[in-house]
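Trainee: Mind looking at a prediction? Sequence and model below.
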Number of protein chains: 2
Amino acid sequence: MNAEIIAVGSELLLGQIVNTNARFLSVQLAEMGINVYYHTVVGDNPDRLRSAIQIAEGRADLIIFTGGLGPTKDDLTKETISTHLGKKLVTDENAMKSIELYFERTERIMTENNRKQALILEDSFVLPNEHGMAPGMCLTLNERTYMLLPGPPKEMEPMFLKFGHSALLGKMDRQDQIVSRVLRFFGIGEAMLETEIEDLIDKQSNPTIAPLASDGEVTLRLTAKHSIFETAIELINQTEAEILARAGQYFYGYDQTSLMLELTKAIIDKGWTIASAESLTGGMFQQEFTTIPGAGSLLKGGIVCYTNEVKQELLNVNKHTIEELGVVSAQCAAEMAENVAKLLNADIGVSFTGVAGPDELEGQPVGTVFIGISLKGQPTITEKLHLGGSREANRIRSVKYACHFLINALKKTQNA
Amino acid sequence: MNAEIIAVGSELLLGQIVNTNARFLSVQLAEMGINVYYHTVVGDNPDRLRSAIQIAEGRADLIIFTGGLGPTKDDLTKETISTHLGKKLVTDENAMKSIELYFERTERIMTENNRKQALILEDSFVLPNEHGMAPGMCLTLNERTYMLLPGPPKEMEPMFLKFGHSALLGKMDRQDQIVSRVLRFFGIGEAMLETEIEDLIDKQSNPTIAPLASDGEVTLRLTAKHSIFETAIELINQTEAEILARAGQYFYGYDQTSLMLELTKAIIDKGWTIASAESLTGGMFQQEFTTIPGAGSLLKGGIVCYTNEVKQELLNVNKHTIEELGVVSAQCAAEMAENVAKLLNADIGVSFTGVAGPDELEGQPVGTVFIGISLKGQPTITEKLHLGGSREANRIRSVKYACHFLINALKKTQNA
């Protein structure tokens, strides 16, 4: 089976947004063993869309469309495919109900053009939209499969994972089992990790090893093919063991996990609670912590202390520490972590102080960061970082480093 | 002149990277008044690349290629175009010299395949690469222009800006000036906004009106063409005035601004400071506020109060409020806003409490949010929202709504 991904939307051709949908779907299809030979982007224009469909039909037996399913006049993917394939548009009652419910729940008034979103291609298999209004759909005609997905990634991605993926699996004649596993590393650069395992990458064929770096993390995707599922798994296990023997100290988890998620697991294991005091990161640690459903019960809360006044008066940082050592100091980080844990009655206190940029502070260069970690019954730890990125990158990395240090510190208390 | 952008690289089709080059070039070409009708992505395969070129020649008179100019075996863009157009590859002496210099400077040994990077298409105009080794090139044949650019964005972007842009300008017969302006709206859905201005969109031709929705915001991009610059501006001004007469109460700014940036401007205008108390949003407001450089001096700090204990003991929310009305209540939001302003000695207090999901809380459905706003010398305001998205979407929208309410509240104090 080979596929083409057609993204529909003038906003892509104007450069207002990037085609991340093509990337997401390409990764998914590669894992399923479906070759993607082309991506196409076309605007909200029926003639040019029709022409793109005809070209795709000449070179792919699976065509996945993203975008153009919304309520407005320039959303015309369904209409164009309907005319092209000679399949009528009919109202899907379930989709209609969920649109009406959405407007009821949000107490907003439904305009007539929203009804358009419940129309589906006759004879198609509906892919429900659990994060928006427009349903997706899948239709096979003349041995070619057409899948229509919405444009917004937060609707498209869960729809594909929950409904689209299995709809496609049913259409494939699968001879080879494809197994894929992502290993996640932190604290080592991509070039360095690649050097460590260069010989493994050079001799790779099954499984393949694909490194990817982003935001200070490096991942290795291992993908194995074999007619027997268990053998494919075994091939991956062997390669993983060889990799971890070289770089295991930087490994922190598999697949879709994150440092923050691993941290919440480590805290749950201890049955502890946490609080944070943030200057440099301005609340980013707490905000990311609480994006994880259920993490709220582990977080007592926290204090964002952007001014010296708040550090001193609300967080009780010693006046002499601030005046003599400065707020960008290990001592200040230590007091912030200890005091926020005390003040909020938490087992763990974590703190961030430093110079995010763009200007230096207290004579310290941009990228100087102190992280304080106070664990119940343990001496307080402080860590100093020298980061080299932009303001935002430095904040993001500081939060990741804090997770990394906290996970390691919690592991040590478990072993003790 | 209309263009197609062809990105060459199997790493794009595997989803290892996103095609940000197409976005960058699209923005550049739109500003120059060149219509982009298609983006294509094709792998490192000469047959499929040749087929993509033939299709592009049938529908574009400018074809811009990115990628496939490097030293390795799978870099074959030049070779494929050379065969296709019947133009020989010849060594460019300047490019050869700069490659040799690069290896001298970095004290690395030059391998033979690096010489390949100095090859250019016969009769083409060379675009020097100041950030890498492979030069770009531009060639016009049979009234069609072919531009070849390297794949890495840090080489491609400066090359296009410094050399590619002017090479294209020379090939355009420029009669029209193109002016574009983005209007940003909040608090109104895309379908509703479109219904309000349906007749304007229907009769649109110059300027064109392109709506786009994301994360609860809607933008309208107005683009006008005219031989006289001032007239193009005037056409946009007229359409903008008509749109704002209908939906002006939802309009908040132009082009690349954000609600958070507009809020910081409004606070600077007053010479005030702000503090936040966040339950539902877990620090997201403060974190986003402090992403804006310089905003730190407006923010006293804040408290993330995830537990009732912290709300009561640190933030002094009345015990009876929590026990009788609940934490998901207007009264709790009001006290949180007032108390955080008092505690941190700020002129403005803003608070967030509610049910982000996935589970309901205190019998209130997911998406119920209360925002409290306390302005110095004013009665406290509370607002109730019913949001319908995912946990993360509800948090993002709550922060945007708070900015929206705060901007409006600050405007009223200015008028008073």
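Mentor: Here it is on my side, so go on.
Trainee: Check the spatially closest residue to A:Asn318 that is not a sequence neighbour and give its pLDDT.
Mentor: Leaving aside its chain neighbours, A:Asn318 sits nearest to A:Glu335 (6.1 Å; criterion: C-beta to C-beta, 6 or more residues apart in numbering or on different chains). Every C-beta, even on glycine, is put in place using the N, C-alpha and C of the backbone. pLDDT for A:Glu335: 98.
Trainee: in a helix, that's where A:Glu335 is, yeah?
Mentor: Yes. The assignment for A:Glu335 (DSSP: H, G, I helix; E, B strand; the rest coil) places it in a helix.
Trainee: That one and A:Gln312, how far apart?
Mentor: Distance of A:Glu335 to A:Gln312, given as C-beta to C-beta, to the nearest Å: 10 Å.
Trainee: and the residue of chain A most remote from its centre, which of the three is it?
Mentor: Distance from the centre of chain A peaks at A:His320, with 42.5 Å (C-alpha atoms, centre = their mean). Secondary structure assignment for A:His320 (three-state DSSP): helix.
Trainee: With A:Ala30 instead?
Mentor: What three-state DSSP gives for A:Ala30 is helix.
Trainee: Surely it and A:Val36 touch.
Mentor: Yes. A:Ala30 is within contact range of A:Val36, at 7.1 Å (criterion: C-beta atoms under 8 Å).
Trainee: how distant is stretch A:49-67 from the center of its chain?
Mentor: Relative to its chain's centre, stretch A:49-67 lies at 28 Å (C-alpha atoms, centre = their mean, to the nearest Å).
Trainee: cool, and stretch A:218-226?
Mentor: Using C-alpha atoms, centre = their mean, the offset of stretch A:218-226 from its chain centre is 18 Å.
Trainee: Please apply the same query to stretch A:369-383.
Mentor: Chain-centre distance of stretch A:369-383: 29 Å, with C-alpha atoms, centre = their mean.
Trainee: buried ones in that stretch?
Mentor: When burial is assessed from 16 or more other C-beta atoms under 10 Å in any protein chain shown, stretch A:369-383 yields the following buried residues: A:Val369, A:Phe370, A:Ile371, A:Gly372, A:Ile373, A:Ser374, A:Leu375, A:Thr380, A:Ile381, A:Thr382, A:Glu383.
Trainee: The first one: what's it in contact with?
Mentor: By C-beta atoms under 8 Å, 6 or more residues apart in numbering or on different chains, A:Val369 lies in contact with A:Leu280, A:Phe352, A:Thr353, A:Gly354, A:Val355, A:Lys384, A:Leu385, A:His386, A:Leu387, A:Asn394, A:Ser398, A:Tyr401.
Trainee: Just give me the least confident of the residues you listed.
Mentor: Least confident entry in these, by pLDDT: A:Leu387, with 85.
Trainee: Not counting sequence-adjacent ones, nearest residue to it?
Mentor: A:Leu387's closest residue in space is A:Gly367 (C-beta to C-beta, 6+ apart), at 4.0 Å.
Trainee: which residues does the one you found contact?
Mentor: By C-beta under 8 Å, 6+ apart, the neighbours of A:Gly367 are A:Gly354, A:Val355, A:Gly357, A:Leu385, A:His386, A:Leu387, A:Gly388, A:Gly389, A:Asn394.
Trainee: Quick one: residues contacting the first one.
Mentor: A:Gly354 is in contact with A:Ser279, A:Leu280, A:Val328, A:Gln364, A:Gly367, A:Thr368, A:Val369, A:Phe370, A:Leu385, A:Asn394, A:Ser398, counting by C-beta under 8 Å, 6+ apart.
Trainee: Quick check: beta-bridge partners of the closest residue to it other than its chain neighbours?
Mentor: Spatially, and ignoring its direct neighbours in sequence, A:Gly354 is nearest to A:Val369 (3.4 Å; C-beta to C-beta, 6+ apart). A:Val369 has these beta-bridge partners by DSSP bridges: A:Gly354, A:Leu385.
Trainee: Tell me how many other residues crowd A:Gly388.
Mentor: Counted with other C-beta atoms under 10 Å in any protein chain shown, the neighbours of A:Gly388 add up to 10.
Trainee: re the thing from before, what are the phi and psi angles of the residue nearest to A:Leu387?
Mentor: phi 100, psi -10 (degrees, to the nearest 10).
Trainee: re earlier: per-residue pLDDT, the residue farthest from the centre of chain A?
Mentor: You'll see A:His320 listed with a pLDDT of 95.
Trainee: Tell me who's in contact with it.
Mentor: By C-beta under 8 Å, 6+ apart, A:His320 lies in contact with nothing.
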